[in-house]
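Peer 1: What follows is a protein structure lacking sequence information:
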């Protein structure tokens, strides 16, 4: 087993939460099949406002926190809203270049990016593709099939029929008990449509995933930890690295939670995901305590 | 120049949805107005203009059982107009008038919002429909 008891120490200190998601496999895991990755989400580089007066230094602090992890993850995934939106395509590209330069300071060099609506919705992902490559893709790592799905570049928060067809073809190559992890930005289910926390055709993607018994979805967008099941498929939202948002539907508007000058990193964090043969283990790491 | 637009629907004509809380219609063709609870037929038109990042007006009041035609226009962007509680939405394309016909069956408040990401103020672009109970 990978010795990562830091998970439990953080939990005992109230610093993180462990979520266990059982898989159907029963074989004893071998060391080479176990690994972990880090999810970082909703950095909104370029944001300036009262919800985080220290926005120009928060991302660098997150990079330092990830670099300080006792054991380096196999890879890092950024699940969207790398940058804060702007109407100016020159400023958009400047923000993306700055973001890319800051995260180049991560010790781990295997990094996957997907866009959020702030990155891609106003230009259908054109600038994002210039700096971070294609917006949907899949890859395999140590026995797990990973899928990155773009539900922001299509106008109106849609995946789109073309990408759904690609997803269908990609999944068709997998066994129904394959270990599948899907990354996306917006929730694939109707979490809070009144707050635009949904994907218009997300149910079509979920329907394609339903025949597969070992699927886990990780997403961002809502700036807080959240766990939801659609049938047997767990969906885990990650904390942001800019400002926290209120619980779904807890107030009239989805305005950011007030910034706390005594705890300026409160509510922000990154996520560790450990994959082994029998379960997915999630550890939330608050930036405040990291 | 503005031109009226017939929204696409399966039949190419009026689309009628029975939503539980509202009878909604999308399109421009005439339809038989719904009867109110007391049999009094009323119909009114309300124009709502979308402009980044607000609707004007952003609060409208209608009466339970009345048929209301929402005339939606946009000045700058293909905004969305979504009423999640009624499972009803449409794009609002600039230089067109989009018509949504609703006949709310229950009193109360519902939220409408833009569900096409339109920029930095997108998250604040919303409004309220108050449905008054029929006296």
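Peer 2: All right, it came through fine. Remember, it's a predicted structure, so these values are computed and weren't measured experimentally.

Peer 1: My read is that residue A:143 contacts residue A:179, right?
Peer 2: Yes: at 6.3 Å, residue A:143 counts as touching residue A:179 under the criterion of Cβ atoms under 8 Å. No exception for glycine: its C-beta is placed from N, CA and C like everyone else's.

Peer 1: So these two - more neighbours on which side?
Peer 2: Regarding residue A:143 and residue A:179, a neighbour count based on other Cβ atoms under 10 Å in any protein chain shown identifies residue A:179 as having more, with 25 against 17.

Peer 1: how near is the more buried one to chain B?
Peer 2: Distance, residue A:179 to chain B, using Cβ to the nearest Cβ, to the nearest Å: 32 Å.

Peer 1: ditto for residue A:271
Peer 2: Residue A:271 sits 23 Å away from chain B, going by Cβ to the nearest Cβ.

Peer 1: Would you confirm that that residue belongs to a strand?
Peer 2: Yes: with DSSP: H, G, I helix; E, B strand; the rest coil as the criterion, residue A:271 is part of a strand.

Peer 1: In contact with it, which residues?
Peer 2: A:38, A:39, A:40, A:41, A:218, A:236, A:238, A:239, A:282, A:283, A:284, A:285 (Cβ atoms under 8 Å, 6 or more residues apart in numbering or on different chains).

Peer 1: and those residues as JSON lines, adding pLDDT, neighbour count and secondary structure?
Peer 2: Output for these, formatted as JSON lines (pLDDT from 0 to 100; neighbours: other Cβ atoms under 10 Å in any protein chain shown; DSSP: H, G, I helix; E, B strand; the rest coil):
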{"residue": "A:38", "pLDDT": "98", "neighbour count": "23", "secondary structure": "strand"}
{"residue": "A:39", "pLDDT": "98", "neighbour count": "25", "secondary structure": "strand"}
{"residue": "A:40", "pLDDT": "98", "neighbour count": "26", "secondary structure": "strand"}
{"residue": "A:41", "pLDDT": "98", "neighbour count": "29", "secondary structure": "coil"}
{"residue": "A:218", "pLDDT": "98", "neighbour count": "23", "secondary structure": "strand"}
{"residue": "A:236", "pLDDT": "98", "neighbour count": "20", "secondary structure": "strand"}
{"residue": "A:238", "pLDDT": "98", "neighbour count": "27", "secondary structure": "coil"}
{"residue": "A:239", "pLDDT": "98", "neighbour count": "26", "secondary structure": "coil"}
{"residue": "A:282", "pLDDT": "95", "neighbour count": "25", "secondary structure": "strand"}
{"residue": "A:283", "pLDDT": "94", "neighbour count": "22", "secondary structure": "strand"}
{"residue": "A:284", "pLDDT": "95", "neighbour count": "21", "secondary structure": "strand"}
{"residue": "A:285", "pLDDT": "94", "neighbour count": "24", "secondary structure": "strand"}
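
Peer 1: Name the nearest of these relative to chain B.
Peer 2: The nearest member of the contacts of residue A:271 to chain B, counting by Cβ to the nearest Cβ, is residue A:41 at 16.8 Å.

Peer 1: contacting residues around that closest one?
Peer 2: Listed by Cβ under 8 Å, 6+ apart, the contact set of residue A:41 reads A:78, A:79, A:80, A:81, A:219, A:220, A:221, A:238, A:239, A:240, A:241, A:271.

Peer 1: Excluding sequence neighbours, find me the nearest residue to it.
Peer 2: Using Cβ to Cβ, 6 or more residues apart in numbering or on different chains and skipping the chain neighbours, the partner closest in space to residue A:41 is residue A:220 (3.3 Å).

Peer 1: For the one you found, give me phi and psi.
Peer 2: Dihedral pair for residue A:220: phi -130, psi -130, per degrees, to the nearest 10.

Peer 1: For the stretch 151-290 of chain A, which segments are assigned as helices?
Peer 2: A:161-172, A:202-209 (DSSP state H, counting those that start in this stretch).

Peer 1: what's next to the first one, contact-wise?
Peer 2: The set of residues that contact helix A:161-172 without belonging to it, under Cβ under 8 Å, 6+ apart, is A:136, A:138, A:147, A:149-150, A:154, A:159, A:180, A:201, A:204-205, A:208-209, A:212.

Peer 1: Residue A:211 and residue A:279: what is the separation?
Peer 2: Applying Cβ to Cβ, to the nearest Å, the value for residue A:211 to residue A:279 is 21 Å.
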